[in-house]
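# the following block contains a protein sequence and its predicted model.
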Amino acid sequence: MPEGYLPIFVFMVVALLFPVVAIVAAKLVRPSSPFATKLEAYECGIKAASSSRGRYTVRFYIVAILFVIFDVETIFLYPWAVRYQSLGWFGVAEVTVFLVILVVGYVWAYKKGALQWV
Amino acid sequence: MNVDLISILGNFYVLTLIKLGLVAGVLLTALAYLQWIERKVIAHIQLRVGPTRVGPHGLLQPLADTIKLLTKEDLMPSHVNKFFYVLAPMVAVFFALSAIAVIPFGPKINVFGIETYMQLSDLNIGILFLLALSGMGVYGIALAGWSSNNKYSLIGGLRSSAQMISYELPMALAIASPLLLAGSLSLREIAESQAGFMLGFIPRWSIFQMPAPQLMAFVLFMIAGFAETNRIPFDLPEAENELVAGFHTEYSSMKFASFFMAEYANMVTICCLATLLFLGGWYPIVPSPVADYIPTLVHLAGGGMLIFHGLQPARKWDKYTMPVFGVAFLAVGLLFLVPFLQPILLPLFWFISKVGILLFLFIWVRATLPRFRYDQLMHFAWAFMFPVSVVHLFVTAFLVALLK
């Protein structure tokens, strides 16, 4: 279906070219005089005390995993929503079952403390 | 000659190129001036005047900013991961700009016998496309935070990715409920399903539409939209008082500007999407004969006000600049009365005013509200937004089944 996607691909090429051209153009006109102190990691003037590739809290992983689960379930709701008017009460029953399963998972995650940040 | 020209212009590829040029040109100009408007509006809310030095009322400020950012030294710190460091701003801009390709700005129009839609391309899965792009948008910020190899950047990038994915859930669920009413994923069909009026005067926009008014979904969508675009009160990724500048601490020059452009482009996309889903797209707020004169009246009032202020100048140059802008406003106002231009300009006016009002809301909130704390932010997303949007979707489904 070129009529649908071709303009989008062309627009994406423009969207990609724009930052590339801007950054390359900036390279041509800007001054450049780097020296060692200037190129250090910015830590408010103090020498970097440790590597920044350290550990960070596990909650970020938990949020990412929960997101994958719930977002896929959300996307499943879209075809249902689009065809809803022709489904009628059958659609309501279906989505009730679906949402109950979703909510059970949500309540379990909540009880486990996965959504508590502190 | 005329027939030849029209058949050439009517060609699908030529037409696409013309529309592409228009959309890209208008969008990039709008993004540049959005920043000027933001600075002006925030300044006036805080009883300052904002940029005034570059051009009349600082109108050339975006140009000056571009030149400044182009000619600034672009530092690449020695400790960064070079490939991803350069890639990140490009990724951010690429996904932010691409999203505009599926947004319709108006209905089918007929110019010199060429029928075309005021939209680059109508995908039958337009909403999914936009959600996919907004999901990919996380990469720009996460990569920037990680590749900078700086603690502030890393924390900013992590916060941002966690925040954006957390608010994507209520956003996706809030979008699902107007889909129940519209029954389509194509943005144009969703907007067209909101045409007309109930009882003769209440517009059939999703936020009013019976049997299930979507006001709640609109509020949820806008809150999630603020979080998705990393705007105050959800700008934790770049919280100045704790993270210096967050994920773009180590960026300078044009790469730094790219992130800002991406943020503003995302704002425009969110506002367009809210307009199309909830506020009836390009359909007017009152029935036709009255609605056709509102744009003219608004512009005439604006022009009159400008000329009035020009006659009583508050600053030195107002005497000259205000009347010029005033006359321009009057001329634009009269353009809306030309029957040939009306089918093009009226829908555009309504669409752009709605988007403009929502953008103003973004700026207004930025000037008004303080920042969340990060644990409050995540708790708000998971313990309030998510359950409320699930319940709202279910209630909408129930009402539609009951009353339709």
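Alright, I've got the coordinates.
# switch to C-alpha atoms for all contacts and neighbour counts from now on
OK.
# going along the chain, name the helices of chain A.
Assigned helices in chain A, in chain order: A:2-29, A:59-82, A:84-87, A:89-111 (criterion: DSSP state H).
# so which of these comes closest to residue B:86?
Among the helices of chain A, the nearest to residue B:86 by CA to CA is helix A:2-29 (9.2 Å).
# and the closest one, does that touch chain B?
Yes: Helix A:2-29 is in contact with chain B by CA under 8 Å from any CA of the partner chain, via A:3-5, A:7-8, A:11-12, A:15-16, A:19-20, A:22-23, A:25-27, A:29.
# OK, contacts around whatever residue of the stretch 201-350 of chain B ends up closest to chain A?
Of all residues in the stretch 201-350 of chain B, residue B:254 sits closest to chain A, at 5.6 Å by CA to the nearest CA. By CA atoms under 8 Å, 6 or more residues apart in numbering or on different chains, residue B:254 lies in contact with A:22, A:23, A:26, B:69, B:70, B:74.
# mind running it again at 6 Å?
A:23, B:69, B:70 (CA atoms under 6 Å, 6 or more residues apart in numbering or on different chains).
# most neighbours out of these, which is it?
residue B:70 (23 neighbours; other CA atoms under 10 Å in any protein chain shown).
# that one and residue A:63, how far apart?
Counting by CA to CA, to the nearest Å, the gap between residue B:70 and residue A:63 amounts to 38 Å.
# quick one: low-confidence parts of the stretch 301-404 of chain B?
Of all residues in the stretch 301-404 of chain B, none has pLDDT under 70.
# taking it, what residue is nearest to chain A?
residue B:375 (5.3 Å).
# burial of the residue of the stretch 151-300 of chain B found nearest chain A, as a residue count?
Nearest residue of the stretch 151-300 of chain B to chain A, counting by CA to the nearest CA: residue B:183, 4.1 Å away. Neighbour count for residue B:183, taken as other CA under 10 Å: 22.
# before we move on, the earlier item: wait, is the residue of the stretch 201-350 of chain B closest to chain A part of a helix?
Yes: residue state for residue B:254 (DSSP: H, G, I helix; E, B strand; the rest coil) corresponds to a helix.
# re earlier: how much space between the closest residue to the residue of the stretch 151-300 of chain B closest to chain A other than its chain neighbours and residue B:170?
Nearest residue to residue B:183 in three dimensions, chain neighbours excluded: residue A:82, at 4.1 Å (CA to CA, 6 or more residues apart in numbering or on different chains). If you measure residue A:82 against residue B:170 using CA to CA, the figure is 18 Å.
# just residue B:116 next, same as before
35 Å.
# neighbour count: the two, which is higher?
Ranked by neighbour count (other CA under 10 Å), residue B:116 and residue B:170 place residue B:170 first, with 28 against 17.
# distance of that one relative to residue B:389?
Counting by CA to CA, the gap from residue B:170 to residue B:389 is 6 Å.
# ditto for residue A:46
46 Å.
# where does residue B:272 land on pLDDT?
pLDDT recorded at residue B:272 is 91.
# sorry, that was for residue A:7
Residue-level confidence at residue A:7 comes out at 82, pLDDT.
# could you do residue B:146 as well?
86.
# go ahead and confirm it touches residue B:154.
Yes: look at residue B:146 against residue B:154 with CA atoms under 6 Å: they come within range, at 5.1 Å.
# so the two - more neighbours on which side?
Using other CA under 10 Å as the criterion, residue B:146 and residue B:154 rank with residue B:154 on top: 29 against 25.
# nearest spatial neighbour of the more buried one, skipping sequence neighbours?
residue B:145 (4.5 Å).
# next one: residue B:185
Using CA to CA, 6+ apart and skipping residues adjacent in sequence, the residue nearest residue B:185 is residue B:125, 5.1 Å away.
# return, as residue ranges, the portions of chain A with sub-threshold pLDDT.
A:1-3, A:118.
# how about the residues of it near chain B?
A:4, A:8, A:12, A:15-16, A:19, A:23, A:26, A:29-32, A:39, A:52, A:71, A:81-82, A:88, A:117 (CA under 6 Å from any CA of the partner chain).
# all the strands of chain B, residue numbers only.
With strands called from DSSP state E, chain B shows them at B:108-111, B:114-117, B:197-198, B:202-203.
# got the contact list for the third one?
For strand B:197-198, contacts defined as CA under 6 Å, 6+ apart pick out B:203, B:204.
# quick check: neighbours of it in the sheet, parallel or antiparallel?
Paired neighbours of strand B:197-198 in the sheet (DSSP bridges): strand B:202-203 (antiparallel).
# what lies in contact with the strand it pairs with?
Here strand B:202-203 has contacts from B:197, B:285, using CA under 6 Å, 6+ apart.
# repeat that with 7 Å
Here strand B:202-203 makes contact (CA atoms under 7 Å, 6 or more residues apart in numbering or on different chains) with B:196, B:197, B:285, B:286.
# let me see the contact set for the first one.
Going back to what we said before, that points to residue B:196. Going by CA under 7 Å, 6+ apart, the list of residues near residue B:196 reads B:203, B:204.
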